[in-house]
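S.K.: For reference, the sequence and a predicted model appear below.
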Amino acid sequence: MLKEKAPSSLMSSVVAPEKSTSNTMGPKEVELILVKEQNGVQFTSTTLVAPALTQTNSSGEEERETWGKKIDFLLSVIGFAVDLANVWRFPYLCYKNGGGAFLVPYLFFMVIAGMPLFYMELAVGQYNREGAAGVWKICPIFKGVGFTVILISLYVGFYYNVIISWALFYLFSSFSGELPWVHCNNTWNSPNCSDWADNNSVSDIYKATPAQEYFERAVLHIQDSHGIDDLGRPRWQLTSCLAVVIVLLYFSLWKGVKTSGKVVWITATMPYVVLTVLLLRGVTLPGAIDGIKAYLSVDFLRLCDAKVWIEAATQICFSLGVGFGVLIAFSSYNKFSNNCYRDAIITSSINSLTSFFSGFVVFSFLGYMSHKHNVALDKVARDGAGLVFVIYPEAIATLPGSSVWAVIFFIMLLTLGIDSAMGGMESVITGLIDEFKFLHKHRELFTLFIVVATFLISLFCVTNGGMYVFTLLDHFAAGTSILFGVLIEAIGIAWFYGVDRFSDDIEEMIGQRPGKYWRLCWKFVSPCFLLFMVVVSFATFNPPNYGSYMFPPWANMVGWCLAISSMTMVPLYAIYKLCTLPGKFCDRLAYAITPETEHHLIDNGEVRQFTLHHWLVV
């Protein structure tokens with residue numbers, strides 16, 4: 001048997017002409033197989049070989065890219081939701097607000113708001129298969145909220161990448177025989193530097209441990225700045241680390257979910273390995289059990305304090321990552337029939353369990369620090385950057401083989417940060433290229449533009465006064481604005497698009513209609529919860545500060561302008577939509593609140609949103 005390509009002249013005489021096919025199938029090669037018999041007669045067989053083309057749907061448009069494997073999607077969602085806040089905020093909140101009793105309001109808000117909103121975003125992204133702005137073809141007047149969440153994700157990227165660069169700086173510093181934050185005899189130390197033993201006799205105002213001074217004076221160089229109006233030039237060491245982070249982000253995102261889905265196999269799983277290793281080491285340290293007991297101690301009287309419930313609600317809002325457009329973007333690359341309900345339950349549960357599990361790791365080391373320096377646990381327990389860049393490094397420095405443990409710990413921080421940063425950038429990229437279709441062909445170049453722009457803005461955060469810029473961005477970029485965005489999102493889907501129609505969409509995808517519980521949460525409970533949180537956020541607002549430094553009024557004005565800039569996208573786009581649609585006001589309103597696929601019904605006067613049944617049905 002002989003297999004070869006036939007010359008064109010032989011093909012014309014032997015092979016029957018092919019029937020014309022749809023041009024959507026693309027060109028084909030005809031491969032001719034010659035089978036030689038013993039009597040010398042040749043028989044021919046043809047095989048059609050179609051070149052690899054992008055799949056197209058019935059309307060001739062390119063099919064949307066999908067995740068290589070289901071696990072890629074799950075790891076991406078988990079990696080985004082499980083971030084640094086799971087390590088540096090939840091354990092401290094739990095300890096400060098009644099220990100195990102804090103789980104009561106936390107789980108309560110998780111069930112009535114966290115999971116329903118998480119499920120809602122996964123479902124709306126998967127059904128409409130577009131980013132945060134494009135999904136609002138279901139109710140065009142609300143497309144502004146899509147731009148709101150895209151802007152918020154972009155703003156967060158300006159400072160979140162800086163945290164990762166700090167972790168990278170610490171990682172490089174850990175490759176040394178002696179960790180640089182152990183002693184007070186370094187060039188960056190001040191006269192106030194002293195170890196814990198000395199600090200027992202010093203006023204709290206003047207306490208400065210070697211680890212604290214390393215972070216503030218060696219890494220941040222904040223002593224060379226007098227405030228936010230005295231930033232100075234970017235520090236080349238932190239700028240280099242930031243550049244490395246940006247390069248990692250770019251090459252994780254440039255090809256879409258095909259590349260980012262592979263990166264998360266490392267970045268989403270590594271933290272669990274490291275947390276387990278650190279826990280096994282932590283529980284063997286003296287005082288560790290006392291720290292864990294303090295973490296789990298139950299004080300139900302704390303539940304009488306309204307602040308405990310507010311902090312639990314706030315933690316739910318931010319820990320699950322709803323409102324950043326990331327869940328919508330990720331789920332838009334799912335197959336249409338994917339079981340998003342099961343995904344929502346699994347991933348949101350894993351996020352909360354990770355927060356709880358990390359508390360054992362954190363407080364085993366805090367208990368050890370309390371025992372070693374013979375001080376109350378309150379003296380060492382804190383949240384935020386102070387925990388992971390001051391307290392934890394100091395605890396690690398006292399262990400045998402401290403450099404190895406430091407490397408392990410900061411690799412964990414890197415992986416926790418990278419996949420969350422990837423999620424935020426993917427929200428921006430997917431949201432914009434889905435809205436502006438011409439960018440589809442230039443994804444790699446557009447991704448480069450976004451990450452370079454993010455890098456340039458982030459340079460303000462790696463100057464001598466960069467910590468002040470960081471604090472201002474952290475305070476205003478995704479606070480009240482993110483709660484407002486999710487509130488409008490919930491109202492747009494549950495009320496204007498309609499819970500019944502949304503439930504029909506889910507049933508079409510997974511073959512199962514959401515139960516009464518989910519529909520009630522979407523229509524009533526979750527919006528009321530979010531409205532309450534927005535009001536509380538405004539009512540309890542406190543101007544930002546860094547230590548004893550208070551920001552000048554102009555800085556607070558800049559912060560509010562940043563927050564308002566994203567929120568104003570909702571009314572501005574609604575006004576734009578109503579002004580650009582044709583016809584009388586009622587006709588324009590009908591087009592603006594009706595899904596684009598139903599616009600043909602408006603001419604016949606069939607507008608679901610103009611009926612009482614639409615607003616009452618659940």
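M.R.: Perfect, I can see it now.
S.K.: burial count for residue 400?
M.R.: 6 (other CB atoms under 10 Å). In this view, the C-beta of every residue, glycine as well, is placed from N, C-alpha and C.
S.K.: and residue 157, what element?
M.R.: In this assignment (DSSP states H and E), residue 157 forms part of helix 143-174.
S.K.: now for that helix, which elements pack on it?
M.R.: helix 236-253, helix 402-435, helix 443-458, helix 466-476, helix 480-491, helix 553-567, helix 569-580 (3 or more CB pairs under 8 Å, 6 or more residues apart in numbering; DSSP states H and E).
S.K.: any idea of the angle the longest one forms with helix 236-253?
M.R.: Meaning helix 402-435. Between helix 402-435 and helix 236-253, the angle comes out at 50 degrees (axes from the mean of the first three to the mean of the last three CA atoms, to 10 degrees).
S.K.: Would you format the helices and strands packed on helix 143-174 as a markdown table with distance to residue 125, mean pLDDT and mean neighbour count included?
M.R.: Shown next, in a markdown table, are the helices and strands packed on helix 143-174 (distance: least, CB to CB, whole Å; pLDDT from 0 to 100; neighbours: other CB atoms under 10 Å):
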| stretch | distance to residue 125 | mean pLDDT | mean neighbour count |
| --- | --- | --- | --- |
| helix 236-253 | 18 | 96 | 19 |
| helix 402-435 | 9 | 95 | 24 |
| helix 443-458 | 18 | 96 | 17 |
| helix 466-476 | 27 | 95 | 23 |
| helix 480-491 | 11 | 95 | 25 |
| helix 553-567 | 20 | 96 | 16 |
| helix 569-580 | 19 | 96 | 15 |
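S.K.: Quick check: which of those helices is nearest to residue 608?
M.R.: helix 480-491 (16.1 Å; CB to CB).
S.K.: Past the closest one, which element shows up next along the chain?
M.R.: Later in the chain than helix 480-491, the nearest helix or strand by DSSP H and E is helix 499-510.
S.K.: can you pull the buried residues of that following helix?
M.R.: 499, 501-503, 505-506, 509-510 (16 or more other CB atoms under 10 Å).
S.K.: Just the mean pLDDT for that helix, thanks.
M.R.: The pLDDT scores in helix 499-510 average 96.
S.K.: that older thread, so which of the helices and strands packed on helix 143-174 comes closest to residue 277?
M.R.: Of the helices and strands packed on helix 143-174, nearest to residue 277 by CB to CB is helix 402-435, at 6.5 Å.
S.K.: Make sure residue 115 is actually in contact with residue 344.
M.R.: Yes: shown here, residue 115 and residue 344 form a contact pair, counting by CB atoms under 8 Å, at 6.4 Å.
S.K.: returning to that earlier point: ok, the buried residues of helix 499-510 vs residue 465, which is closest?
M.R.: Taking the buried residues of helix 499-510 together and measuring to residue 465 by CB to CB, the closest member is residue 502, at 47.2 Å.
S.K.: Grab the nearest non-local neighbour of that closest one.
M.R.: Spatial nearest neighbour of residue 502, excluding adjacent residues (CB to CB, 6 or more residues apart in numbering): residue 493 at 5.8 Å.
S.K.: go on, residue 277?
M.R.: Nearest to residue 277 is residue 408, by CB to CB, 6+ apart, at 6.5 Å.
S.K.: and if you look at residue 318?
M.R.: Using CB to CB, 6+ apart, the closest residue to residue 318 is residue 85 (6.6 Å).
S.K.: number of nearby residues for the one you found?
M.R.: 19.
S.K.: tell me which element it is part of?
M.R.: Using DSSP H and E, residue 85 sits within helix 84-88.
S.K.: got a list of contacts for the following helix or strand past that helix?
M.R.: Per DSSP H and E, helix 84-88 leads on to helix 90-96 as the next helix or strand towards the C-terminus. Residues outside helix 90-96 that contact it (CB atoms under 8 Å, 6 or more residues apart in numbering) are 100, 102-103, 106, 294-295, 311-312, 315, 319, 355-356, 358-359, 362-363, 381-383, 387.
S.K.: for stretch 287-306, same thing?
M.R.: Taking CB under 8 Å, 6+ apart as the rule, stretch 287-306 contacts 91, 94-95, 97-102, 104-105, 282-283, 308-309, 359-360, 362-372, 377.
S.K.: Buried ones in that stretch, by neighbour count?
M.R.: Neighbour count says stretch 287-306 has 287-288, 290-292, 294-296, 302-303 buried, by 16+ other CB under 10 Å.
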